[in-house]
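1. With the sequence up front, the predicted model follows.
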Number of protein chains: 2
Amino acid sequence: MAKISSSTETEQCIESLIAVFQKYAGKDGYNYTLSKTEFLSFMNRELAAFTKNQKDPGVLDCMMKKLDTSSDGQLDFSEFLNLTGGLAMACHDSFLKAVSSQKRT
Amino acid sequence: MAKISSSTETEQCIESLIAVFQKYAGKDGYNYTLSKTEFLSFMNRELAAFTKNQKDPGVLDCMMKKLDTSSDGQLDFSEFLNLTGGLAMACHDSFLKAVSSQKRT
């Protein structure tokens, strides 16, 4: 994908999300969705810190099914954004809980 | 906010979204939501390329109302993610349209 000229942190972040999605979506089959194999590759490389801490080996299968709201066996960009947004929410919630417990001690 | 050790592009992006939100949310009032003033500051600084191209002066008021799904006059982190996700979707859709029109010519 051609680099979009961007300057702010938010613009760079939007550009990164699109670039990462296209990088993994372009590995096999249809270029603009993540197949199961592409999703697993994304999770094991880009989110390895999360993935390797999962004790249940079926967790990625389960995530793919939940994210694939259109049930077509592929994740489109909006379904991919639900994944990254969900992880961002979880990180932010952990941060708020840590702040809240610090205030109590 | 303390820097989270991160290495991949996706992890950096999640970290950036949280850091940018907290930077603007911490400017006045309650630290973990964007007030109207903080939202306008975010839009004018972080997304100036988008904001300055809007011809209707009421567009930011309208966006704030639509994003504030809880109608409390503040944007929490999940409402903020809907904004950045919506912009990422719009950019990605434009890209797909450009690819599709290139293929047709």
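-> That came through, no problem. Numbers count the residues shown, from 1 in each chain, chains lettered A, B, ... in the order given.
2. Excluding chain neighbours, what is closest to A:Gly73?
-> Leaving out its chain neighbours, the residue that sits closest to A:Gly73 by CB to CB, 6 or more residues apart in numbering or on different chains is A:Lys36, at 6.8 Å. Yep, even glycine has a C-beta here, placed from its N, CA and C like the rest.
3. Give me the distance between the residue nearest in space to the middle of chain A and A:Asn31.
-> For chain A, A:Thr84 is the residue whose C-alpha lies nearest the centre (CA atoms, centre = their mean; 3.6 Å). A:Thr84 is 19 Å from A:Asn31, where distance means CB to CB, to the nearest Å.
4. So which bits of chain A are right by chain B?
-> A:1, A:4, A:8-21, A:32, A:42, A:45-49, A:77-78, A:81, A:84-85, A:87-89, A:91-92, A:95-96 (CB under 8 Å from any CB of the partner chain).
5. Just those: which are in helices?
-> When DSSP state H defines the helices, the subset of these inside them is A:9-21, A:42, A:45-46, A:48-49, A:77-78, A:81, A:84-85, A:87-89, A:91-92, A:95-96.
6. Return the members of those classed as buried.
-> Buried subset of those (neighbour count, 16 or more other CB atoms under 10 Å in any protein chain shown): A:10-11, A:13-18, A:20-21, A:42, A:46, A:77, A:81, A:84-85, A:88-89, A:91-92, A:95.
7. For chain B, see how far away the residue nearest to A:Gly73 is.
-> 18 Å (CB to the nearest CB, to the nearest Å).
8. Tell me, how many residues neighbour that residue?
-> 15 (other CB atoms under 10 Å in any protein chain shown).
9. Please report how far it lies from B:Thr10.
-> To B:Thr10, A:Lys36 is 18 Å away according to CB to CB.
10. Equivalent analysis for A:Cys62, please.
-> 20 Å.
11. again, but for A:Leu83
-> 9 Å.
12. Might you report the residue contacts of the residue nearest to A:Phe50 when sequence neighbours are not counted?
-> Leaving aside its sequence neighbours, A:Phe50 sits nearest to A:Leu87 (CB to CB, 6+ apart; 7.0 Å). Taking CB atoms under 8 Å, 6 or more residues apart in numbering or on different chains as the criterion, A:Leu87 is in contact with A:Leu47, A:Phe50, B:Ile14.
13. quick one: the first one from A:Ser94, how far?
-> Same thing as A:Leu47. From A:Leu47 over to A:Ser94 the distance is 15 Å, taken as CB to CB.
14. Of those two, which one has the most company?
-> A:Leu47 (18 against 10).
15. show me the contacts for that one.
-> So A:Leu47 contacts A:Leu87, B:Thr8, B:Thr10, B:Glu11 (CB under 8 Å, 6+ apart).
16. repeat for A:Ala90
-> By CB under 8 Å, 6+ apart, A:Ala90 lies in contact with nothing.
17. if you set the cut-off to 10 Å instead, what comes out?
-> Counting by CB atoms under 10 Å, 6 or more residues apart in numbering or on different chains, A:Ala90 touches A:Phe50, B:Ile14.
18. With A:Lys52 instead?
-> A:Met43, A:Asn44.
19. Ramachandran angles for A:Leu75?
-> Main-chain torsions, A:Leu75, degrees, to the nearest 10: phi -110, psi 120.
20. Much appreciated, bye for now.
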